[in-house]
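K.L.:
Requesting a structural model of the entry that follows:
(chains A and B)
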Amino acid sequence: MADSQAFLRDFEEFGYCIVPADDRAELDQLRTDVRDALYDQLKVKTGDVRNDLDQVHYHCESSAEIDRLRLAITPMIAEKSMANRRIFAAFQSKLTSLVGQDVLAQRVPNVVLQPPNHPTPTELHRDAPANSPYEVVVWLPLVDCHDSKSMYILNRESTRTALDLHRLNPNDVEAFEGLLDARAKLVDVPYGSALLFWSALFHGSQVNTESETRVSLNTRYKHLFAPLGMKDPFRYFEILQTTELTRLGLSFQRSEDL
Amino acid sequence: MKRFLPVLLEYENRVNPEPGVPRAPTFGEQAAALERMAQRLGGVLVTVPYVARQGQGVGNDIHSTLESEECSGILLFAMEVIRRGTQLDTKRMARLHQDGYEVGLLIEDKVIRSLSELEEMLDFLNVINAVRNRDASPSWAEVVAIQHSL
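P.N.:
Model prediction:
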């Protein structure tokens, strides 16, 4: 109880939290599925799952091959592995305390492969606006992530400061980059944990200068009846779970259509 | 062979129709994509497409068109095709299924063939309608403003 309250307090204050999985078995299955899908595409024999993911760059060197791999396994992970259900199950207590029991989930979680020195990290951005500011983002590394192998994030206060600076001096790139250097925090997230963050926070990644590949998933959840944002809800979201009461309400409405 | 009526979407904004999408697909691109979908479903498109203006939905004439063209199904470019104002036309969707047509949605990658698939779709449509209806309501905005000021 105290742990849960501390999580909610931190999440509201900073806009993010790193949390351990409630159900590690769900994560382990998902990680194995991702490894199997990758190595099946690469036609390479599998070994220890952690090493296989950390060392995936030994089997695919070009950016084009990495993109091809990512695109090939993304639908498999979404459909066969039911990634959004597994991720929700793995972090259910924390996610439910944020979004409630009636849940919309991103239909297809994103798969990210960031090999050492790969020249295209994720630029600084924030999901909302465009996405709903009532969404939580789950960033789930399938390997131990630290330093430049990880991602960076600006907490609520730093995001607000960055926005203020940009509004006052929209062309001052140097000042903005200075603020990023000072405030952006590379998060250490070991496998078995996830970074949960509010969709309105600035975040991104750098070139991975470590010796191992980052393999991570990211996906989004929100309350079924939360404001939508600007993206097509049918393309990006699906109903993950509903309460008994909501099912009664939906059944009532449906009966008026049929 | 199945015959599908393609329903194209005339976008309100051809540039940046939604975040991250630089331009709206042309009618030619929409028709080509729907042609591929029809082939995947084991059919062909009828020659003349039905065009829906974004935000205005499809009219009652869609049912007579389907009948006169002897269609077995209808392929919508996107769910946006059935939006009228803020609301998605759930009754239209239900009627298309009840009249026996296979209903495909290209962008959303869905095909509705069974009652359970229709019900699942209607639930989501009703949720979206409820959210949009509430968020467009001035009285709701007032309630939210009061709650935030407490």
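K.L.:
what's across from the nearest residue to A:Tyr16 once chain neighbours are set aside in the sheet?
P.N.:
Nearest residue to A:Tyr16 in three dimensions, chain neighbours excluded: A:Phe197, at 3.6 Å (CB to CB, 6 or more residues apart in numbering or on different chains). No exception for glycine: its C-beta is placed from N, CA and C like everyone else's. When assigned by DSSP bridges, A:Phe197 has beta-bridge partners A:Tyr16, A:Val137.
K.L.:
A:Phe197 contacts A:Trp139, correct?
P.N.:
Yes. If you go by CB atoms under 8 Å, A:Phe197 and A:Trp139 touch, sitting 6.9 Å apart.
K.L.:
Compute the number of surrounding residues for B:Leu105.
P.N.:
When neighbours are defined as other CB atoms under 10 Å in any protein chain shown, B:Leu105 has 24 of them.
K.L.:
same thing with the one 10 residues further on?
P.N.:
Look at B:Leu115: counted by other CB under 10 Å, it has 12 neighbours.
K.L.:
and what of A:Glu12?
P.N.:
Neighbour number of A:Glu12 under other CB under 10 Å is 12.
K.L.:
Neighbouring strands of the longest strand seen in chain A in the sheet, and parallel or not?
P.N.:
Ranked by residue count and defined by DSSP state E, the top strand of chain A is strand A:214-223. The strands beside strand A:214-223 in its sheet (DSSP bridges) come out as strand A:103-106 (antiparallel), strand A:110-114 (antiparallel), strand A:135-141 (antiparallel).
K.L.:
can I get these in CSV with mean neighbour count and distance to B:Val103?
P.N.:
Listed next are the strands paired with strand A:214-223 as CSV, based on neighbours: other CB atoms under 10 Å in any protein chain shown; distance: least, CB to CB, whole Å:
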stretch, mean neighbour count, distance to B:Val103
strand A:103-106, 25, 22
strand A:110-114, 21, 29
strand A:135-141, 25, 29
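K.L.:
Tell me which of the ones you listed sits nearest to A:Gly229.
P.N.:
Closest of the strands paired with strand A:214-223 to A:Gly229 is strand A:135-141, at 7.3 Å (criterion: CB to CB).
K.L.:
who touches B:Leu88 in this structure?
P.N.:
B:79, B:82, B:125, B:128-129 (CB atoms under 8 Å, 6 or more residues apart in numbering or on different chains).
K.L.:
try 6 Å
P.N.:
B:82, B:125, B:129 (CB atoms under 6 Å, 6 or more residues apart in numbering or on different chains).
K.L.:
Next: A:Gln106.
P.N.:
Here A:Gln106 is in contact with A:219-220 (CB under 6 Å, 6+ apart).
K.L.:
Output the below-cut-off pLDDT ranges for chain B.
P.N.:
B:146-150 (pLDDT under 70).
K.L.:
neighbouring contacts of the longest strand of chain A?
P.N.:
Contacts for strand A:214-223 (CB under 6 Å, 6+ apart): A:53, A:84, A:87, A:95, A:99-100, A:103-106, A:109-114, A:132, A:134-143, A:145, A:149, A:208.
K.L.:
Regarding chain B, what is its longest strand?
P.N.:
Chain B, longest strand under DSSP E: strand B:2-10.
K.L.:
Name every strand pairing with that strand and say which way it goes.
P.N.:
strand B:43-45 (parallel), strand B:50-53 (parallel), strand B:73-76 (parallel).
K.L.:
Which one of these lies nearest to A:Tyr16?
P.N.:
Going by CB to CB, the one of the strands paired with strand B:2-10 nearest A:Tyr16 is strand B:73-76, 38.7 Å.
K.L.:
quick check, whichever helix or strand comes after that closest one touching chain A?
P.N.:
Downstream of strand B:73-76, the first helix or strand assigned by DSSP states H and E is strand B:83-84. No. Using CB under 6 Å from any CB of the partner chain, strand B:83-84 stays clear of chain A, with a minimum separation of 10.6 Å.
K.L.:
which one is residue 24 nearest to, not counting chain neighbours?
P.N.:
Since you didn't name a chain, this refers to chain A. Closest to A:Arg24 by CB to CB, 6+ apart is A:Gly192, at 6.1 Å.
K.L.:
ah, I was thinking of chain B
P.N.:
B:Ala24 sits nearest to B:Tyr11 (CB to CB, 6+ apart), 3.8 Å away.
K.L.:
re the thing from before, show me which positions of the longest strand of chain B end up buried.
P.N.:
In terms of neighbour count (16 or more other CB atoms under 10 Å in any protein chain shown), strand B:2-10 has its buried residues at B:4-10.
K.L.:
Tell me the residues of chain A that contact chain B?
P.N.:
So chain A meets chain B at A:130, A:224-225, A:227-228, A:230, A:233-235, A:239, A:250, A:253-254, A:257-258 (CB under 6 Å from any CB).
K.L.:
hang on, the earlier thing: please identify the deepest-packed of the strands paired with strand B:2-10.
P.N.:
strand B:73-76 (a mean of 25; mean count of other CB atoms under 10 Å in any protein chain shown).
K.L.:
that older thread, now do the phi/psi pair for the residue nearest to B:Ala24.
P.N.:
phi -70, psi 140 (degrees, to the nearest 10).
K.L.:
B:Gln54 is in contact with that one, correct?
P.N.:
Yes. With contacts counted by CB atoms under 6 Å, B:Tyr11 reaches B:Gln54, the gap being 5.3 Å.
K.L.:
Now the common contact residues for these two.
P.N.:
Residues touching both B:Tyr11 and B:Gln54 (CB under 6 Å, 6+ apart): none.
K.L.:
neighbour-wise, which of those two wins?
P.N.:
B:Tyr11 (21 against 16).
K.L.:
Run through the residues that contact the more buried one.
P.N.:
B:17, B:24, B:54.
K.L.:
Tabulate those (JSON lines), appending secondary structure and distance to A:His59.
P.N.:
Formatted as JSON lines, those follow (DSSP: H, G, I helix; E, B strand; the rest coil; distance: CB to CB, whole Å):
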{"residue": "B:Pro17", "secondary structure": "strand", "distance to A:His59": "39"}
{"residue": "B:Ala24", "secondary structure": "coil", "distance to A:His59": "40"}
{"residue": "B:Gln54", "secondary structure": "coil", "distance to A:His59": "46"}
